[in-house]
Structures are given as C-alpha cells and as structure tokens.
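**Student:** would you be able to build a 3D model of this:
(2 chains)
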Amino acid sequence: MANKKCPRPISYGMKYSPAIFAKAFSEILKVTPKSEEQALVRNFTSVLKRYGVIKDSDKILKELKKIIAVKEGALLINIESARELDKSNIDKVKKFFNKTSDYTYKINKELIAGIKITINDEISIDSSLQRRLKCMK
Amino acid sequence: MYEIIEKLKKEIEGAKSDVLISLVGKVIQVADGVLKIQGLPSAMSQEMLIVETKSGPVKAVALNLEESTLGAIVLGDFRKIKTGDEVKCTGEVLSIKVGPELIGRVINPLGEPIDGKGDIWKSGTKPLNYPVEKKAPSVLDRESVKAPIHTGIKAIDSMIPIGRGQRELIIGDRQTGKTAIAIDTIVNQQNEKGQKIPICIYVAIGQKESNVAKIISELGAAGAMKYTIVVVAPASSPAAFWYLAPYSGCAVGEYFMDQGQDSLIIYDDLSKHATAYRQISLLLRRTPGREAYPGDIFYLHSRLLERSAKLSKEKGGGSLTALPIIETQLSDVSAYIPTNVISITDGQIYLEADLFHQGIRPAINAGLSVSRVGSSAQTKAMKKVSGKLRLELAQFRELQAFVQFASDLDEGTKNKIKRGQMITEILKQKDASPLPFENQVLVFYAALNGYFDDVILENLKNVENKYIEFMQGRHNDDILEPIRNAKELTTDIESKLKEAIQNFKNTL
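**Tutor:** Down below sits the predicted model:
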C-alpha cells in the first residue's frame, strides 16, 4: 500500500495506454472480494491521479467496458440516427442482439435519414441515406 | 419528364438490399502521414484502406499489423484526417491500372494522370489491375540474358554491355551524369531499327518538379515520349508516394513484359527511396538498425530488382531491364545502401566526379565498372571490334603516371600511352547525343586498327564526327545497313569498310 501522507509522484516518462490501466483493473477485480470493491475503486482513482491520466478516464472506462463485455459475451452497440428514435424502434434493434449487450445512442444529423449501428467499434451496419447517396456518386 | 423522377425515387429507395455491413476501424492517432487505427482486425498487410473524412475519402495503406491497432501510411493529404474518423477496408491489396493507354503519359504512383491531358481510361478501354507488390518470376520462368539493349554511349556499349533483362546499377556522386546516361538510353531506343522499340518507364523519386519537367520536355523533343511512361513522386509529395513509386513503375513494366514485349525501367534514384522508407519505418516505430535504416532495407530493394527478368519462351519471352541509380556521398561505394544495391544488381556503371572535372564525359571509371552479363549481351560486330578495348585502357591506366616522362620511355610504352590517350578521347561523348551501335562499330574499328594513329588528339573528335557523316552519307546501304541487320562484321563488309576508311582519310 502506498504511503498516504506523501505518495511518490510518477515520472512523466512512464506513459501507459488506457487499455493497460483497464486490463490491470479488471485483473485485480477478479481476485478482490465484493466487500473490498469500494476501496479498490478509491485506490484505482488515486493511482490514475498519480500517473497524471485522470483526464483520460473516459478512454479507460471505455476500454474497461470492452474487457467486461468480452468476458460476459456481450456486445457494445452504438446506435446513431438522424433523428430522435422512439422506444419501439430501439426495441426492434435490440431484438437482434444479445440481451446483455450495452447500448449507447447518438444523434448524427449528417446521416440525413436512417440509422447506423456499430458493434464493438469493429462492424458497422449502415442503412443511412448519406451512405446510399455516396454510393450513387 | 416525370419518368426520370420515378427512376430517381426508385434508385434512392433502393431496389436491392440497402444495408451495408462492413468492417470499420477508427483513427486514434494521426501525425506526419502515418495513422494509428483501432479496429479492422481482419485487415491484410498492404491492404488499401479508405478513411472517411469530412472533405471526402482519403486512401491509406496498412503496413503495421499490431496486436490491437493498425499502422497505415496515408496516400494523400494527411491533414484532412482527424482522430475519430472512420476507416474501412477495401479487401484489395494496393494495385495500379495498366494498359497500353499509359504510353506517353505522366502518372503518380497511384496511376492517376498528372500531365493535364485528361483521363487515361476512357470508355471502351479495358485496363488490368496489376498489384504493386508482386512475387518475382521463379527460376524456371526465366531465360538467360542474350539480347543487347544499346545505350548509345560508346563507353558502355563496348566495355560494360547491358542485356535485355539485366539489372545494371548507375552509381556516382551528385552531378556526375547519372540521369544523363539514363535519358540517353531511352532516347537511343528509337535508333534500334528493325526491332520493336522497348517500352521505357522513367520513375522519378523525390526529385524537384522542375527537373522532372525538364526531363519530360527533353524526352518529348527527342520523340521518345511515344514509347515512354513517366511515374513521378515529386519532392513535395508524401514519403508514402516516394516509397510506392518504384513498385508502381515496376508493375507497369511487368504488364508489358507479360505481353511478351521488352521494357526498360529506370529508378532515379533508389537512395531517396531508401530515405523515404527509413522515414516511414521510424514513424511506424519499427526498430531502427544501422544508420537508422530498418532491418529490411535490403529486402526493400532486392524484391524490387528481382522483378526485372528475361522470361522464357513459354512465358512469352518478354523482358524488363532495370537501370537503378544510386547517389553516393563523396564517392563512398562502401556505404550501406550502395553496397546493398551493388550486391543485388548484375553489374554497375561507376561515375567519378574527378573524371568529370577532368573533362572525361561520360565520367565512367572503366576499371571499377562491370557488367556481369558481359559479352553474351553484345552483338558479334561489337564483340569483334571492342574485344581488346578494356585491356588497352587498363594498360594505359597503369602507365598514366609516366605520361609526363613521355620522351624518356621506350617505343612500346610510348605507343601504349598514345593508344590509351586516343581511346580515352574516342570514348568521350557529348550529352544527349546517343550513337547507334552500327556507328559505334565503325568508330571502334577505325580507332583500334590504327587508322586514326596519325591524327592529333585535339582534332580527334572533329575527325570522328566527319568520319561518321562520311559513312552515313556514302556507305549507308553497303556498310551500315548490313551491320544493322546482321549485327555482324562479315569479311565482305570488313573489306568494304577498309576501303571506305582509306577513301575518307584521303579527303582529310
């Protein structure tokens, strides 16, 4: 455990990617009992502060989400639409995927019409008007 | 009128499935023409990628396949690309469109025209897609090099003959005449009468655009653009273009080789190519080796030059001759890149700055220059007349130190020195004046059989020019034409030649 009164600062030379922090957290989480999870979270935040990467916390959380999704066999689904989608449409999309998948929604007016679904940042299902117009070129 | 609206509506709604499922990645880092991409787990090495930016799609090539990311080089303006931009695979390895329509055009390494003459591939043309990176022909697909490719330069065609399908390196310091040799070779191809002109490809890597424009206008003025293609990656283009230019040029050359034609490719120059590859490798964080070049710098050039070959009759009998150019620093041929390329090629033409400044132009050092194909790539006529040339020049070089003591030497040595000086004078040649091989045969025959021994050194050039004019004017049909057709100096032609030279000398 680090000394709480004067924690050692980490030199700027050592820079680790968000993926490494996320992986380290997920590995330790495996061996941490549920009662100590809050302490783990607190310590992890202070580690991020010491390494000066607290500003990258969004990226670290995103990587962590990916790791947990892979572990549980879930998918990270990002749905972009040109207009606000109502619940029935969203449910139609959700039917195709695993119930445990994580969904994020975004409005992207550049799509003009239709929706674009990205799975795990790797596969894109694009039925937007923007793509169809580009193909017509 | 309303029909067109209905057609448009149908098109927009889409008759077929209108959902596109594709593998995508995201740009996570962009700097100096190099991208780091997350995603695209099934991207192939050298695969073409398309980056969707706000100002339109930008092409890139995947080079580094890492565990969770991809390193790619941008083929275009990397400043249009931002982090977060979507990247798509094309499923195709980088390739270039080739066809006979390329002849006479100036293109960039992606095959796009940059000469302002409009589209290359109009409707009705059927271009083929040739991959930029391709495996070299195997041992069994090849044949030994026998037919000569004449450069029009006396010193080269006599002592360092180049064959069709050979790789001959042109190496020397800056401003020693390397590009001049290459251009003269291209221009001389139209002097080879009775044979199909080889398709010439000039690849300009990292050169000033003004230089390239000058070369293109010189080729155009000499009528050489009718059978030449120029591939340009100018100094202002990204390093990725410098890196790809020789491979694109080689793909174009391979097309003509596969059609059974002879082709000639000039890489000007490979030192800049190595520098560009070093830049790209360092930006992709590949481990640097000697002189900061990556570990596979030898493979960079060997896989390029191995693609030049003479194919067997079963494969069409075509050939691709390569004349790579390397620029040395302070005549150091033992540096890293020059030694690499010397060990790959089938010989080198070594140009020295000292000889150039002494007035010996082309500044070819005959002692250090070699052609490993040798006289198998020479016509019988040239072999007959220039057989002893190298030896006599070598003897002269040994005795050169004694030139100042000319009066104190024995007769034999004096003659050797005089002969050497005469040969050196004969081998000098003006820039942009390639000499057809039959004319060269006549000049060497006269010079090496003592017919010009009584001519003062200072007058020799003048006498040579008059001699060629005399032969072309009076003996084109009975001497020049038979040599050109038969490529041999028969006893019959030789006797006519002796008489003609005597007549010429009487006119002096």
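**Student:** mind listing the helices for the stretch 301-450 of chain B?
**Tutor:** B:336-344, B:353-358, B:380-386, B:389-399, B:411-427, B:437-448 (DSSP state H, counting those that start in this stretch).
**Student:** tell me how far the longest one lies from the chain's centre.
**Tutor:** Averaging C-alpha coordinates over helix B:411-427 and over its chain gives two centres that are 34 Å apart (CA atoms, centre = their mean, to the nearest Å).
**Student:** now it - C-alpha only, CSV.
**Tutor:** Output of helix B:411-427 as CSV, limited to C-alpha atoms (Å, rounded to 0.1, in the frame of the first residue of the first chain):
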residue,chain,number,x,y,z
GLU,B,411,58.9,2.8,-78.0
GLY,B,412,56.4,0.1,-76.8
THR,B,413,55.4,2.1,-73.7
LYS,B,414,55.1,5.3,-75.7
ASN,B,415,52.7,3.6,-78.2
LYS,B,416,50.7,2.1,-75.3
ILE,B,417,50.3,5.6,-73.8
LYS,B,418,49.4,7.2,-77.2
ARG,B,419,46.9,4.4,-77.8
GLY,B,420,45.3,4.9,-74.4
GLN,B,421,45.0,8.6,-74.8
MET,B,422,43.4,8.1,-78.2
ILE,B,423,40.9,5.6,-76.8
THR,B,424,40.1,8.0,-73.9
GLU,B,425,39.4,10.7,-76.4
ILE,B,426,37.3,8.5,-78.6
LEU,B,427,35.2,7.4,-75.7
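**Student:** which element is the most centrally placed residue in chain A on?
**Tutor:** Central residue of chain A (CA atoms, centre = their mean): residue A:62, 2.5 Å from the mean position. Following DSSP states H and E, one finds residue A:62 within helix A:57-72.
**Student:** for chain A, which segments count as strands?
**Tutor:** Using DSSP state E, the strands found in chain A span residues A:76-81, A:102-107, A:115-119, A:123-126.
**Student:** Serialize those strands to a markdown table and add fields for mean pLDDT and distance to residue B:224.
**Tutor:** In short, each C-beta sits where N, CA and C put it, glycine included. Formatted as a markdown table, the strands of chain A follow (pLDDT from 0 to 100; distance: least, CB to CB, whole Å):
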| stretch | mean pLDDT | distance to residue B:224 |
| --- | --- | --- |
| strand A:76-81 | 87 | 55 |
| strand A:102-107 | 84 | 58 |
| strand A:115-119 | 87 | 53 |
| strand A:123-126 | 87 | 49 |
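**Student:** residue B:172: which of those strands is closest?
**Tutor:** strand A:123-126 (53.3 Å; CB to CB).
**Student:** may I see the buried residues of that closest one?
**Tutor:** Within strand A:123-126, the residues scored as buried using 16 or more other CB atoms under 10 Å in any protein chain shown are A:124, A:125, A:126.
**Student:** and those near chain B, which?
**Tutor:** Applying CB under 8 Å from any CB of the partner chain to the buried residues of strand A:123-126, one finds that A:124, A:125, A:126 fall near chain B.
**Student:** surely the last one meets residue A:116?
**Tutor:** Yes: in this structure residue A:126 lies within contact range of residue A:116 using CB atoms under 8 Å: 4.8 Å.
**Student:** spit out the contact partners of residue A:32.
**Tutor:** Contacts for residue A:32 (CB atoms under 8 Å, 6 or more residues apart in numbering or on different chains) come out as residue A:40.
**Student:** please read off the pLDDT at it from the model.
**Tutor:** Listed pLDDT for residue A:32 reads 89.
**Student:** for it, give its distance to residue A:50.
**Tutor:** 20 Å (CB to CB, to the nearest Å).
**Student:** one more: residue B:199?
**Tutor:** Distance check for residue B:199 against residue A:50: by CB to CB, it reads 65 Å.
**Student:** these two: which has the busier surroundings?
**Tutor:** For the pair residue B:199 and residue A:50, the greater number of neighbours falls to residue B:199 (25 against 14), based on other CB atoms under 10 Å in any protein chain shown.
**Student:** what is the burial count for residue 27?
**Tutor:** Using chain A. Residue A:27: 11 surrounding residues under other CB under 10 Å.
**Student:** you looked at the wrong chain, it should be chain B
**Tutor:** Residues within reach of residue B:27, counting by other CB under 10 Å, total 23.
**Student:** closest to residue B:361 out of the buried residues of strand A:123-126?
**Tutor:** Nearest to residue B:361, judged by CB to CB, of the buried residues of strand A:123-126 is residue A:124 at 61.7 Å.
**Student:** so that closest one is in contact with residue B:22, correct?
**Tutor:** Yes: with contact defined as CB under 8 Å, residue A:124 reaches residue B:22; the gap is 5.5 Å.
**Student:** so where is chain B shaky, pLDDT-wise?
**Tutor:** Within chain B, the segments meeting pLDDT under 70 span B:1, B:8, B:10-17, B:404-407.
**Student:** chain A contacts on that one?
**Tutor:** Contacts of chain B with chain A, taken as CB under 8 Å from any CB, map to B:11-12, B:14, B:18-26, B:38-41, B:68, B:86.
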